[in-house]
Structure formats: C-alpha cells, structure tokens
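A.B. asks: missing the sequence, but the structure's below:
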C-alpha cells in the first residue's frame with residue numbers, strides 16, 4: 001500500500017517525466033522530418049507515404065527519447081524540490097532514503113518496461129513496417145501520385161508522365177506519354193519523348209529500380225540546340241521510371257529483425273543489435289539511480305549547474321555503451337559483457353553517492369583551550 005508521500009513523489013516525478021518526454025519527442029520530430037524530406041527529395045519513396053514513414057521512424061527512436069526524458073525529468077523534478085526546501089523539510093521530519101527509493105523504484109520499473117517494449121518489439125516492428133510501406137509505395141504508381149488524365153512529375157526529377165487510363169491497382173497503364181530531360185557527356189541536354197499504347201509497371205528483384213514496360217509506341221531523342229533528332233518505333237520499350245536512392249549508411253538488416261529471430265542469427269551486427277536491445281531497460285534503471293544524487297541542490301545554487309553536469313554524465317555513459325556496440329559490430333568483441341560491466345559500475349557509483357548524501361555526519365569534539 002502506497003503512502004501519501006509515495007503517491008506525492010510518484011505524481012510529481014511522473015508529470016515532469018511525461019512533460020520532458022513530450023518536449024523531446026517534439027524536438028526529435030523536427031530532425032526526423034528533415035531526414036524524411038531529404039529521402040523524398042532523393043526519390044527514395046513518394047511523398048504520399050511521407051507522414052506514415054515519419055511516424056514509424058519516430059516510434060523506432062522512442063527508446064532513446066524515453067531514456068533521456070526519464071533522466072532529465074527526475075533531475076528537474078527533484079531539483080525543484082531541493083531548491084524549494086521540500087526535501088530538506090521531509091528529511092528533517094524523519095524521511096530516510098527509503099522514502100525516496102520506493103517511488104523511484106516504481107517509476108524505474110514502469111519506465112524500464114516501456115523502454116524494453118519499445119527496444120525489443122515496437123522499434124523493430126516500426127522499422128519493418130516502414131520498409132514494407134516504402135517497398136509497396138515504390139511498386140505502385142498510384143502511391144507515387146500518378147492519376148489518369150493529368151500530367152504528373154515523377155519523384156527524383158525523373159521527368160513528366162501522362163496516362164489516359166490506369167488500372168485499379170496502379171500497375172497497368174493505358175496510352176502513356178513520358179518526357180525526360182537529361183544532360184549528356186558533352187554537356188548538351190537531351191529531351192526524350194516516349195509514347196506507348198499501353199504499359200505495365202514492374203520493379204527489379206533487388207528493389208533498386210522502378211520501370212515501365214511500354215508497348216507499340218514511338219521514342220524521340222531531341223538534343224536541344226541541334227538538329228540531329230532520332231526517331232524510333234518499337235514494339236516494347238522498358239523505361240526507367242525513377243531510381244530508388246537509399247542511404248546505405250543507415251541500412252541495418254539486423255535492426256528490422258524481431259528479437260527472437262535476432263537471437264538466432266550469429267553475426268557481428270546481430271550480436272550488437274541484440275546486446276543494445278537487451279541492455280536498454282537496464283540503462284533506464286541505471287540512469288534513474290544516477291539522477292538521485294545528481295539532482296540534489298541547495299536553494300542558492302545555480303539552477304542549471306547540476307543539470308549540465310548530469311547531462312555530461314548521461315552522454316559519457318551513453319557514448320561508452322555506443323563504443324562497446326561499435327566494437328561488437330566490427331567483430332572485435334563477441335559478447336556484451338563490457339556493456340553490463342560499465343552499467344553495473346555506474347550503478348554502484350550512483351548508489352555510493354546516494355548513500356553518502358544520507359549518511360549521518362560524525363559529531364566533532366569541542367576543542368578546549
């Protein structure tokens with residue numbers, strides 16, 4: 001049964017943590033939106049699925065946001081209580097360390113469960129869903145914004161396309177007209193005009209390109225500023241619709257695997273991804289324990305002095321774990337023991353600092369002349 005003091009601490013801590021997480025989500029949404037816009041401009045996927053991809057990418061990065069939000073939320077909440085002398089009054093009334101550890105343990109368990117759910121299930125699911133959504137959109141000209149009876153600009157500056165009819169699934173086209181502008185090796189722009197009585201959309205087996213197979217039509221190649229035009233009649237003409245440009249630096253096949261399947265894969269990338277997912281809930285507990293001693297402030301102490309020190313401690317801990325993960329990815333390490341050793345060491349330091357704050361001071365003997 002929770003006491004009145006436990007409920008008060010839980011309410012104050014939960015409200016501040018929730019507000020901090022919301023602010024961090026709003027900040028990360030701007031960065032994620034810029035990355036998605038860059039991918040749309042590069043032609044990686046059509047703009048019609050931009051907001052779905054944005055939401056899924058934000059879900060994928062939610063575990064890191066909750067880690068930082070929980071840590072900062074506890075710092076801000078307890079720091080306010082210390083500055084307003086609430087903690088000092090409670091301590092003078094007989095509240096020991098257990099009065100603060102009980103609500104913190106409940107909050108840590110709830111946040112660790114949330115982080116574990118996101119890192120082990122929701123994050124990989126959102127990554128898989130986003131990849132499948134993009135793949136489906138790249139196979140469908142309807143998702144690319146193509147509509148019968150009007151001119152449509154192809155993504156990635158692929159040109160202009162016009163069709164007079166379109167099948168319901170967006171793969172079979174009627175009379176088709178395509179105009180593209182490309183610069184040749186000599187620097188002269190070449191205008192290519194392609195017509196066809198009908199066509200069909202298909203994608204390469206590796207998913208790296210989209211093509212239109214046009215039938216019974218004409219192709220014109222017109223170099224601008226010259227008179228050496230080329231005219232060709234064809235029975236079938238496979239034309240590149242647009243190239244799918246992906247950021248290879250962000251491709252991580254192990255990241256989209258579910259946790260059970262990931263544990264059965266024996267590769268450096270899979271071991272690193274599995275270690276990062278499993279240690280994420282422990283990171284939340286360690287960070288909240290570290291926030292307890294770092295949040296203590298005196299009424300006249302600068303408001304954000306301890307906060308800056310705490311943020312530096314967070315990034316130092318996070319970078320050490322990221323360094324261990326990079327070692328696993330490169331195959332230099334074959335297990336995640338160093339990551340757990342670092343976490344246990346930080347937890348021990350945080351516990352020692354918290355215990356030192358509540359340890360009774362030894363009385364000094366009076367010195368007589």
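C.D. replies: Received the coordinates, thanks. Just so it is clear, the structure is predicted and the values come from calculations on it, not from any experiment.
A.B. asks: so where do the strands sit in this structure?
C.D. replies: Here the chain has its strands, by DSSP state E, at 152-153, 160-163, 172-173, 176-183, 189-203, 209-223, 230-243.
A.B. asks: weakest of those by average pLDDT?
C.D. replies: With a mean of 75, strand 152-153 has the lowest mean pLDDT of those.
A.B. asks: partner strands of that one, parallel or antiparallel?
C.D. replies: The pairing partners recorded for strand 152-153 under DSSP bridges are strand 160-163 (antiparallel).
A.B. asks: so which bits of the partner strand are buried?
C.D. replies: Under the neighbour-count criterion of 16 or more other Cβ atoms under 10 Å, strand 160-163 has 161, 162, 163 buried. Every residue, glycine included, has its C-beta placed from N, CA and C.
A.B. asks: any idea which helix is longest in the chain?
C.D. replies: helix 4-42 (DSSP state H).
A.B. asks: burial count for residue 254?
C.D. replies: Neighbourhood size, residue 254 [other Cβ atoms under 10 Å]: 19.
A.B. asks: contacts only, for it.
C.D. replies: When contacts are counted by Cβ atoms under 8 Å, 6 or more residues apart in numbering, residue 254 touches 262, 265, 267, 269, 270, 272, 273.
A.B. asks: so where's the stretch 51-200 of the chain uncertain?
C.D. replies: 94, 96-98, 138-146, 154-158, 169-170 (pLDDT under 70).
A.B. asks: if we go to 50?
C.D. replies: 142-143 (pLDDT under 50).
A.B. asks: quick one, helices of it?
C.D. replies: For the stretch 51-200 of the chain, the helices defined by DSSP state H, counting those that start in this stretch cover 62-83, 86-92, 98-117, 123-139.
A.B. asks: buried set for the longest helix of the chain?
C.D. replies: For helix 4-42, a neighbour-count test (16+ other Cβ under 10 Å) marks 6, 9-10, 12-14, 16-17, 20-21, 24-25, 28-29, 32, 36, 39-40, 42 as buried.
A.B. asks: and that helix, what other elements does it pack with?
C.D. replies: helix 50-60, helix 62-83, helix 98-117 (3 or more Cβ pairs under 8 Å, 6 or more residues apart in numbering; DSSP states H and E).
A.B. asks: so the shortest one versus helix 123-139, what angle?
C.D. replies: Relative orientation of helix 50-60 with respect to helix 123-139: 160 degrees, computed using axes from the mean of the first three to the mean of the last three Cα atoms, to 10 degrees.
A.B. asks: tell me what angle helix 50-60 forms with helix 62-83.
C.D. replies: Put simply, helix 50-60 runs at 60 degrees to helix 62-83, going by the same axes, to 10 degrees.
A.B. asks: roughly how far is helix 50-60 from the heart of the chain?
C.D. replies: Distance of helix 50-60 from the chain centroid (Cα atoms, centre = their mean, to the nearest Å) equals 8 Å.
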